[in-house]
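Enquirer: sequence and computational prediction follow.
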Amino acid sequence: MVDLSTTYLGLKLKNPLVASASPLSKKVDNVKRLEDSGVSAVVMYSLFEEQIVHESMELDYHLEHGTESFPEALTYFPDLDYYNLAPQAYLELLHKLKQSVSIPVIGSLNGVSMGGWVHYAKLIEEAGADALELNIYFVPTDPLLGALDLENSYLDLVRQIRSQIHIPLAVKLGSQFSNLPNFTRNLAGAGANGLVLFNRFYQPDLDIETMDVLPNLELSTSSELRLPLRWIAILYSRIAVDFALSTGIHTARDIVKAVMAGANVAMSTSALLHNGPEYARTLLSGVTEWMEEYEYSSLNQMRGAMSQKNVADPAAFERANYMKILNSWDPHLP
């Protein structure tokens with residue numbers, strides 16, 4: 001019997017399959033289905049910075065509206081249950097999930113500025129989250145904003161949140177940094193316990209007839225596994241954090257690759273949305289079968305076996321591999 005157990009953010013998990021942030025976590029029944037199907041932990045859907053800002057503005061309006069005309073309104077306080085805005089509903093759902101399932105539940109905050117993040121990070125901890133995933137989703141458009149200034153703002157945010165919570169903290173980020181190994185090292189120094197690689201930015205499309213910019217959601221494919229696979233393989237054993245591979249986990253082989261690159265867990269969204277929560281059973285049974293066929297007794301035995309540190313040709317993860325691939329094409333092909 002192979003041992004699929006692993007640890008992530010100090011949490012002992014029964015296997016490496018984690019359901020990443022998605023609409024599936026918006027309903028308790030769906031999370032129960034994920035648990036029953038073998039998923040070892042779930043990341044809640046993200047609470048966005050814009051929702052926190054909206055709540056603050058909405059509350060300010062109801063507190064201040066009419067105070068100039070009616071002095072007695074100064075003692076009025078709105079019924080927060082009535083206004084049940086997104087942040088409050090998020091905390092309530094988190095509390096319900098913790099009461100309903102036995103697997104770890106990881107909260108998720110999505111944004112880039114200090115704002116109410118620090119405050120809500122603490123509230124998420126108090127609501128019972130086992131860990132917090134800080135999802136840095138920011139598309140810089142200001143040409144005057146320097147790369148170092150941007151990175152420092154991220155690091156300040158991580159330090160602020162780390163100083164206010166006691167639960168483990170993971171940072172989910174995109175791949176577009178000038179020196180990813182240096183930045184991830186600094187994130188670890190700022191207090192990140194784990195890194196989730198990578199955030200999958202959703203690219204808008206253009207409707208050239210109506211002149212509209214259209215949101216466009218396409219589920220991932222296994223081919224998208226290669227980018228996080230490469231970077232986790234490079235960073236494994238160099239940065240003192242746990243790694244979660246996110247984007248492109250669709251098959252049991254994808255999970256095996258993630259672990260062998262050095263990931264503690266493999267996070268899946270698209271495959272579970274497309275096939276349903278019960279697809280987790282197929283993924284996990286496939287991992288078990290592969291390990292038995294190749295005589296691996298535990299996940300720990302596999303982890304990092306194909307990282308840059310351990311493969312026979314470390315340069316395969318670098319520029320040398322790029323040149324090799326280009327030279328493999330026949331120049332005489334039409």
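Expert: That came through, no problem. Numbering: from 1, shown residues only.
Enquirer: what strand or helix carries the closest residue to residue 194 other than its chain neighbours?
Expert: Spatial nearest neighbour of residue 194, chain neighbours left out: residue 170 (3.7 Å); criterion: C-beta to C-beta, 6 or more residues apart in numbering. (C-beta placed from N, C-alpha, C; glycine too.) Element membership for residue 170, per DSSP states H and E: strand 169-173.
Enquirer: retrieve the pLDDT associated with residue 82.
Expert: On pLDDT, residue 82 comes in at 34.
Enquirer: quick one on the thing from earlier: after the strand holding residue 170 comes which helix or strand?
Expert: Where DSSP H and E defines the elements, the next helix or strand beyond strand 169-173 is helix 180-190.
Enquirer: quick one: average pLDDT of that next one?
Expert: Helix 180-190 carries an average pLDDT of 97.
Enquirer: what does that helix rub up against?
Expert: Under the contact criterion C-beta atoms under 8 Å, 6 or more residues apart in numbering, helix 180-190 has outside partners 151, 154-155, 158-159, 162, 171, 173, 177, 195, 231, 234-235, 238-241.
Enquirer: residues of that helix that come out buried?
Expert: Counting neighbours by 16 or more other C-beta atoms under 10 Å, one finds that the buried residues in helix 180-190 are 180, 183-188, 190.
Enquirer: would you put the C-alpha positions of the very next helix or strand once past that helix in CSV?
Expert: Note on helix 180-190: by DSSP H and E, the next helix or strand toward the C-terminus is strand 194-197. Coordinates of the C-alpha atoms in strand 194-197 are reproduced here as CSV (Å, rounded to 0.1, in the frame of the first residue of the first chain):
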residue,chain,number,x,y,z
GLY,A,194,4.4,28.6,1.0
LEU,A,195,4.3,29.6,-2.7
VAL,A,196,1.5,28.8,-5.1
LEU,A,197,2.8,28.8,-8.7
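Enquirer: which residues touch residue 219?
Expert: Residue 219 is in contact with 270, 273-274, counting by C-beta under 8 Å, 6+ apart.
Enquirer: same question for residue 90.
Expert: Neighbouring residues of residue 90 by C-beta under 8 Å, 6+ apart: 44, 47.
Enquirer: that one and residue 233: what is the separation?
Expert: Using C-beta to C-beta, to the nearest Å, one obtains 35 Å as the distance from residue 90 to residue 233.
Enquirer: how about the strands in this protein?
Expert: In the chain, the segments counted as strands under DSSP state E are 6-8, 11-13, 17-19, 41-43, 47-48, 105-110, 131-135, 169-173, 194-197, 205-207, 212-214, 242-246, 265-268.
Enquirer: closest one to residue 146 among those strands?
Expert: Minimum separation from residue 146 across the strands of the chain (C-beta to C-beta) falls at strand 169-173, 17.8 Å.
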